[in-house]
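**Q** Structure for the following, please:
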Amino acid sequence: MKIKHQLAIFNALTRLLVILVLWLMLPILVHDVVYRHINNGLLEKKKKFIEHLNQNEIDDFIENSEDSTETYSQFSTLHSEFLVLSRLPILPNQEKSSFVNDYRIIEGEENEYRILQYHFTYGDVGYQLEIGSSLAEINDLTFIIKLFIIIVLVVIVLITFLADTFYIEYLLKPFYKIIDTKIRRVNEPEAFDHTPIKAHSADFRELDSVLNQMMDRIGELFKKEKQFISNVSHELLTPIALLKSKFENLLQNDSLNDNAVDKIAGALRTLDMLKKIINNLLLISRIENNQYEANEKIDFQEIVDGLYDDLQDRIDDKGLEFLNEMKYDFEFRGNKTLIHILLYNLVTNAIKYNKEGGTIIVSDDFQDQHYYLSISDSGIGMSESQIEKIFNRFTRISSDQDGQGLGLAIADSIAFFHHIEIKVTSTINGGTIFLLLFPNNAKLN
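**A** Prediction:
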């Protein structure tokens, strides 16, 4: 997951956590505000009632009450409020207001009320005044408020999540540009673009500067490596050629016995092997250092046909059947010599590890709109652990076979140089398939 998405998700989760806390605290906050408003309203009504109260009104209340408990009750039309005046004994704590929530049945309908209870004395007689306000509408209003707030908060989270995503993407745009232009597309230090990246953040400007400095140092090392390779090719191959020439001259001496001839011949074989190893290592190094041009038109059919002609003796020696089942004429731009070496190494590998009387099939087709070449054999096959190591240098599938273990390492370097992906599938005693998956710059003619 990209860092911009991680940051946006983190910000969204923190906001959701805040919303959850607010949602849990919301009933307490709403009830506190609502009850405070109701309490103030009830106290105001009590104040007005007490200020205008006199003994005649009290007597009228009590006399007109149909309740035998000497209680006067008055209700609003919609039962949203009520007022009850009751004659009670004088209590110790007079003239103190208290608030309770209680259910009352008014004209056969039960509702919850916020009730102010006030005990007072008037004319040496104790009374209790109860003024109630219905909570039904308040509860509905509280629910609406909570629903509205949660909707607003969710909308805010969605809007801020999108805003964070775009803003973070804007902030990280220089970072992705650095990766794309200065890391991903750079195959060699000489092609590195030292142009500063425009960035509003000092961190990305610093990263760009450090990358430029690092690539400068790598470029210097790259030049030294090229010079070293050139020196190696001269300093090692020249002495080997001289030794080989001297040994060959010694073989012309008739005074040598058979034992000496065998030893000199063995030394010549060793020198040939050493020369081949050095040439292969130099080839890998030159490929990895991008010292080859890759702008030639490649004809795969021509190369495969040429390989069969070059290797026919080896194919016939093992009684193998070589089948060229290529169907497409594809145009690919690359280095013809290197592609020839790539296919040559894969075909010789298929010959080397094949069984007597086996088959080698070269075919082509498409996979996920990519052109591919397939080289399959009916040989000894490989295990999963062997497949993981076959492209390592000096690794051989079988110790019984000749070679230095560099053929597939060279093939892998050439494939990487041409942006070709190599896929290998194999089963023990069931054969091996090398699949060369070419990039999209290959076109059908």
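**Q** Would you tell me what helix or strand the spatially closest residue to Phe417 that is not a sequence neighbour is located in?
**A** Using C-beta to C-beta, 6 or more residues apart in numbering and skipping the chain neighbours, the partner closest in space to Phe417 is Ile287 (5.1 Å). (Glycine included, C-beta is placed from N, CA and C.) Using DSSP states H and E, Ile287 sits within helix 258-288.
**Q** and the gap between Thr238 and Asn289?
**A** 22 Å (C-beta to C-beta, to the nearest Å).
**Q** Of those two, give the one with the bigger neighbour count.
**A** Asn289 (17 against 10; other C-beta atoms under 10 Å).
**Q** Following element in sequence after the helix or strand bottoming out on mean pLDDT in the chain, please.
**A** When the helices and strands of the chain are scored by mean pLDDT, DSSP states H and E, strand 71-75 comes last with a mean of 51. Later in the chain than strand 71-75, the nearest helix or strand by DSSP H and E is strand 81-87.
**Q** name the helices or strands packed onto that following strand?
**A** Applying 3 or more C-beta pairs under 8 Å, 6 or more residues apart in numbering; DSSP states H and E, one finds that strand 81-87 makes contact with helix 55-64, strand 71-75, strand 126-134.
**Q** can we see that at 10 Å?
**A** Contacts defined by 3 or more C-beta pairs under 10 Å, 6 or more residues apart in numbering; DSSP states H and E place strand 81-87 against helix 3-51, helix 55-64, strand 71-75, strand 97-106, strand 109-121, strand 126-134.
**Q** closest to Ala350 out of these?
**A** Nearest to Ala350 among the helices and strands packed on strand 81-87 is helix 3-51 (45.3 Å), distances taken as C-beta to C-beta.
**Q** Tell me how far that closest one lies from the chain's centre.
**A** 39 Å (C-alpha atoms, centre = their mean, to the nearest Å).
**Q** Mind giving me the packing neighbours of that helix?
**A** Applying 3+ C-beta pairs under 10 Å, 6+ apart, one finds that helix 3-51 makes contact with strand 81-87, strand 97-106, strand 109-121, strand 126-134, helix 136-179.
**Q** rewinding a little: ok, which of the helices and strands packed on strand 81-87 comes nearest Gly357?
**A** Nearest of the helices and strands packed on strand 81-87 (C-beta to C-beta): helix 3-51, 57.1 Å.
**Q** If we go by neighbour counts, what in the host helix or strand of Ile361 is buried?
**A** Taking DSSP H and E as the criterion, Ile361 maps to strand 359-367. Within strand 359-367, the residues that count as buried by 16 or more other C-beta atoms under 10 Å are Thr359, Ile360, Ile361, Val362, Ser363, Asp364.
**Q** check contacts around the last one.
**A** Looking back up the chat, that one is Asp364. 300-301, 304, 324-330, 371-374, 436, 438 (C-beta atoms under 10 Å, 6 or more residues apart in numbering).
**Q** Relative to Glu110, which of these is nearest.
**A** Glu110 has its nearest neighbour among the contacts of Asp364 in Tyr372, at 81.3 Å by C-beta to C-beta.
**Q** wouldn't the closest one be in contact with Met326 here?
**A** No: taking contacts as C-beta atoms under 10 Å, Tyr372 lies outside contact range of Met326: 11.0 Å.
**Q** Give the intersection of the neighbour lists for these two.
**A** Ser363, Asp364, Asp365.
**Q** Show the model's pLDDT score for the first one.
**A** Spelled out, that is Ser363. Listed pLDDT for Ser363 reads 93.
**Q** Now stretch 337-348: average pLDDT?
**A** 92.
**Q** cool, and stretch 85-100?
**A** Stretch 85-100 comes out at a mean pLDDT of 76.
**Q** Endpoint to endpoint, that stretch covers what distance?
**A** 16 Å (C-alpha to C-alpha, to the nearest Å).
**Q** Repeat that for stretch 115-127.
**A** OK, stretch 115-127 end separation, C-alpha to C-alpha: 16 Å.
**Q** List the buried residues of it.
**A** Buried residues in stretch 115-127, counted by 16+ other C-beta under 10 Å: Ile115, Leu116, Gln117, Tyr118, His119, Phe120, Tyr127.
**Q** out of these, which one sits closest to Leu20?
**A** Set against Leu20, the nearest of these by C-beta to C-beta is Ile115 (33.9 Å).
**Q** which residues touch that closest one?
**A** Residues counted as contacts of Ile115 (C-beta under 10 Å, 6+ apart) are 42, 82, 84, 98-102, 104, 130-133, 135.
**Q** Could you rerun that using 8 Å?
**A** Ile115 sits next to Phe99, Val100, Asn101, Asp102, Arg104, Glu130, Ile131, Gly132 when contact means C-beta atoms under 8 Å, 6 or more residues apart in numbering.
**Q** Show me the beta-bridge partners of it.
**A** Val100, Gly132 (DSSP bridges).
**Q** how does this protein divide into domains?
**A** For the chain, the structural domains run 3-140, 205-288, 296-444, going by automatic domain parsing.
**Q** picking that back up, I'd like the buried residues of stretch 115-127 laid out as a markdown table, including pLDDT and distance to Ala202.
**A** Below are the buried residues of stretch 115-127 laid out as a markdown table (pLDDT from 0 to 100; distance: C-beta to C-beta, whole Å):
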| residue | pLDDT | distance to Ala202 |
| --- | --- | --- |
| Ile115 | 90 | 65 |
| Leu116 | 90 | 64 |
| Gln117 | 88 | 67 |
| Tyr118 | 87 | 68 |
| His119 | 86 | 72 |
| Phe120 | 82 | 73 |
| Tyr127 | 82 | 77 |
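**Q** which one of the residues you listed is nearest Asn56?
**A** Tyr127 (14.5 Å).
**Q** Surely the closest one and Phe120 touch.
**A** Yes: look at Tyr127 against Phe120 with C-beta atoms under 8 Å: they come within range, at 5.8 Å.
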